[in-house]
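**Q** just to be clear, the model below is a prediction. Sequence and coordinates:
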Amino acid sequence: MRLSKAFWQTFKETPADAVIPSHQLMMRAGLIHKSGAGLYNYLPFGLKTIKKVENIVREELDRAGCHELLMTVVTPGELWRESGRWDKMTEMLKFKDKGGRDVCISPTNEEAISDIFRKTVKSYKQLPINLYQINTKFRDEIRPRFGLMRGREFIMKDAYTFHIDSACLDEGYENLKSAYSRIFKRLGLNFFIVEADAGAMADSSAKTHEFQVIADNGEDLLIYNQEANYASNQEKAKTKRANIDFDTSKPAQEEVATPNMSTIEDVCSFLKVPQHTSIKSLVYYASYHEEDKDGEFLLLQLLGDDELNELKLTNYLGAAEVRPAADDELKDLGLVKGFIGAFNLKNDLKVLVDTAIDMDGAFTVGAQKEDFHIKNFVPSRDIKECEQVDLRLAKKGDLTEDGKHVVDEIRGIEVGHIFQLGDMYTKAMGITVLDQNGKTISPLMGCYGIGITRTVAAVIEQLHDEKGIIWPKNIAPADIYFASIAKSDELKALAEDIYKELQDSGFDVVFDDRKAGPGFKFKDSDLLGLPIRVVLGEKTYGENQELEIVVRKTGESFKIKKDELVSKIKELMETL
């Protein structure tokens, strides 16, 4: 590609709404163009990388025995009503066609693939089946942000598997999990496979993992220990507190005045005690899916320096939603905000105590009246009735469940998510096959997604510097940025020869033959971030008949004779 004839424009200024590096650099490097809120056009260099990511995904899924198809972007509302998700999926863009039928732009395709399956497969002999597509999706986010990281329209690979039983599902799940690992390794990424929560997609006991690209600006906090081969999304992580001591002598309660001290920090500082010797009392309201099950308020007890994991609470209760109680609700319950304790409760509140709390330990808690706390509160003695549950949010410095390893924290960007869906959709949509005994059963499903355009953004989040993008070689828009700083006709002719030689050697070359100075070209080269830069300079070549090679990733520079150029580039590319 000759830049003098290319459709490419770079920008010095960062758009005001671009706040993370990937969004800033993709806009400045001319990879994408903003069309509207959360809507982006893919420009030539950006599209080349997207296609390379798609091809790697396609190659590894085909290798894993998957079969590619392409489903419609617009799907009938009747399919979503069958599964019960038409009214639940708030991010779907819904509309009526000219026939008055409800349709939507698909944010995901479980219903559509299930419809294809039930009209095609009738027997266990046809299972397992693994189908995938790479297609455009749309989610009507209220506040789209971060460019391709959280856009409304995006390209996604979604795969779906169908199985006769759980053993078959497990085998298919591990097969796709391995394929995902190969994909992200080929993309040149540092990533973790972490345990995740299935959310509304599957039963809480089903296997589900996220593929997280490590990046400083990652939206997710990961808890991990590499020695223990453990990694989990913080919401899902199960850890133990590091060894802490409690007073278990069960001393008598003592009321102390704590005027205007309604926080753990203030109270513990005033009493000169560690925060873990206090109990944090939180009041939450839980609502349930079942129409005949009333919502309820709960009093939660955690160590003073721990935070509540709302997901753990939701899953334990089997709730549809949990939320903190409002101030007026606390008053109705007879509780004083900032001074709550799990005793002398005026209402029949269910009390849940976190497992990190020693039930025989002595703690400081609210005294159920303003400006007072109780010292030496012993849960086993002073709480009338309670359940002990894992409620705390895992954090850096905790121990793995076996107590042998200390965990750390790191931020990540979710680019892939795999689920065992079970029979959620096949039962809801009345899908059956005949098993080995001629009985009708609901087959089990797996779901496997990769955000293609999100992955491209995640690559940049992980691999960039103050100058621009640093592309891994397998997905760079091209292999070589060839900058000619030639002025004489002789060197211009030589530049043409070098360009042809590099192309004939199998390299994808961006030839910067524009009438611009070296500083301008080098800045564009660094911004675009191709693996190798080759420079033909009037002075360097004129004096020593040498060209310069610069490796974008390391900044290494080499002076090379023309007849050594191709072999040296091949050598360097092997190391990248």
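**A** Noted; the coordinates are in hand. Residues are numbered from 1 along each chain as shown.

**Q** which other residues reach stretch 254-269?
**A** 270-271, 274-275, 277-278, 280, 304-305, 337-339, 364, 367, 371-376 (CB atoms under 8 Å, 6 or more residues apart in numbering). C-beta here means a position set from N, CA and C on the backbone, and glycine is covered the same way.

**Q** return the set of buried residues in it.
**A** For stretch 254-269, the neighbour count (16 or more other CB atoms under 10 Å) marks 258, 261-262, 264, 267-268 as buried.

**Q** could I get it in PDB with only the CA atoms?
**A** Below are the C-alpha coordinates for stretch 254-269, written out as PDB (Å, rounded to 0.1, in the frame of the first residue of the first chain):
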ATOM      1  CA  GLU A 254     -19.700  -2.500  77.400                       C
ATOM      2  CA  GLU A 255     -21.600   0.500  76.000                       C
ATOM      3  CA  VAL A 256     -19.400   3.300  74.900                       C
ATOM      4  CA  ALA A 257     -20.300   6.800  73.700                       C
ATOM      5  CA  THR A 258     -19.200   7.500  70.100                       C
ATOM      6  CA  PRO A 259     -20.600  11.000  69.400                       C
ATOM      7  CA  ASN A 260     -21.000  11.800  65.700                       C
ATOM      8  CA  MET A 261     -19.000   8.600  64.800                       C
ATOM      9  CA  SER A 262     -21.100   6.600  62.400                       C
ATOM     10  CA  THR A 263     -18.400   5.000  60.300                       C
ATOM     11  CA  ILE A 264     -16.100   2.000  61.000                       C
ATOM     12  CA  GLU A 265     -13.000   4.200  60.400                       C
ATOM     13  CA  ASP A 266     -14.100   6.800  62.900                       C
ATOM     14  CA  VAL A 267     -15.200   4.400  65.600                       C
ATOM     15  CA  CYS A 268     -12.100   2.200  65.400                       C
ATOM     16  CA  SER A 269      -9.800   5.200  65.300                       C
END
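
**Q** from the buried residues of stretch 254-269, which is closest to Leu391?
**A** Ile264 (15.8 Å; CB to CB).

**Q** can you pull the pLDDT of that closest one?
**A** Predicted confidence (pLDDT) for Ile264: 95.

**Q** now do the domain split for the chain, please.
**A** 19-73+106-235+410-461, 254-389, 480-575 (automatic domain parsing).

**Q** quick check: which ranges of the protein have low pLDDT?
**A** Within the chain, the stretches with pLDDT under 70 are 199-205.

**Q** wouldn't Leu299 be in contact with Ala342 here?
**A** Yes. Counting by CB atoms under 8 Å, Leu299 does reach Ala342; the two are 5.7 Å apart.

**Q** which neighbours do those two share?
**A** Common neighbours of Leu299 and Ala342, using CB under 8 Å, 6+ apart, are 281, 351.

**Q** still on that earlier bit, which among the contacts of stretch 254-269 count as buried?
**A** Counted by 16+ other CB under 10 Å, the contacts of stretch 254-269 give 271, 275, 277-278, 280, 304-305, 338-339, 364, 367, 372-376 as buried.

**Q** just the strands from the stretch 401-550 of the chain, written as ranges.
**A** Taking DSSP state E, counting those that start in this stretch, the strands of the stretch 401-550 of the chain run over residues 408-422, 433-434, 440-441, 444-451, 480-485, 509-512, 532-537, 546-551.

**Q** can you check the stretch 101-250 of the chain too?
**A** Counting by DSSP E, counting those that start in this stretch, the stretch 101-250 of the chain has strands at residues 102-105, 129-138, 153-163, 191-195, 208-214, 220-225, 230-233.

**Q** name the helices or strands packed onto the helix or strand hosting Leu299?
**A** For Leu299, the element it lies in under DSSP states H and E is strand 296-303. Contacts defined by 3 or more CB pairs under 8 Å, 6 or more residues apart in numbering; DSSP states H and E place strand 296-303 against strand 279-287, strand 350-354.

**Q** excluding its backbone neighbours, what's nearest the spatially most central residue of the chain?
**A** A centroid search over the chain (CA atoms, centre = their mean) returns Glu414, at 1.6 Å, as the residue closest to the centre. Using CB to CB, 6 or more residues apart in numbering and skipping the chain neighbours, the partner closest in space to Glu414 is Glu210 (4.9 Å).

**Q** pull the number of nearby residues for the one you found.
**A** 24 (other CB atoms under 10 Å).

**Q** that one: what's it in contact with?
**A** 193-194, 196, 220, 233, 414, 416-417.

**Q** next, format these as TSV and append distance to Asp435.
**A** Output for the contacts of Glu210, formatted as TSV (distance: CB to CB, whole Å):
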residue	distance to Asp435
Ile193	32
Val194	35
Ala196	31
Asp220	40
Asn233	36
Glu414	36
Gly416	32
His417	30
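
**Q** start to end distance for stretch 389-401?
**A** Chord length of stretch 389-401, first to last residue, is 15 Å (CA to CA, to the nearest Å).

**Q** quick check: closest non-adjacent residue to Met359.
**A** Per CB to CB, 6+ apart, closest to Met359 is Ser380, 4.1 Å.

**Q** from the contact counts, what lies against the helix or strand containing Ser35?
**A** Using DSSP H and E, Ser35 sits in strand 32-36. The contact analysis (3+ CB pairs under 8 Å, 6+ apart) places strand 32-36 against strand 39-42.

**Q** what are the buried residues along the strand it packs on?
**A** For strand 39-42, burial by neighbour count (16+ other CB under 10 Å) applies to 40, 42.

**Q** please, where are all the helices along the stretch 51-200 of the chain?
**A** Counting by DSSP state H, counting those that start in this stretch, one finds helices in the stretch 51-200 of the chain at the ranges 77-83, 110-118, 166-186.

**Q** what distance do you get for Phe558 to Glu571?
**A** The gap separating Phe558 from Glu571 is 10 Å, by CB to CB, to the nearest Å.

**Q** likewise for Glu490?
**A** As judged by CB to CB, Glu490 and Glu571 stand 28 Å apart.

**Q** one more: Phe192?
**A** 32 Å.

**Q** between these two, which has more neighbouring residues?
**A** Phe192 (19 against 11).

**Q** before we move on, the earlier item: the strand holding Ser35 - which strands sit beside it in the sheet, and in what orientation?
**A** Its sheet considered, strand 32-36 pairs with strand 39-42 (antiparallel) by DSSP bridges.

**Q** C-alpha coordinates for the strand it pairs with, PDB please?
**A** Extracted C-alpha coordinates of strand 39-42, given in PDB (Å, rounded to 0.1, in the frame of the first residue of the first chain):
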ATOM      1  CA  LEU A  39     -21.500   3.600  16.600                       C
ATOM      2  CA  TYR A  40     -18.200   3.400  14.700                       C
ATOM      3  CA  ASN A  41     -17.200   2.900  11.100                       C
ATOM      4  CA  TYR A  42     -14.200   0.600  10.500                       C
END
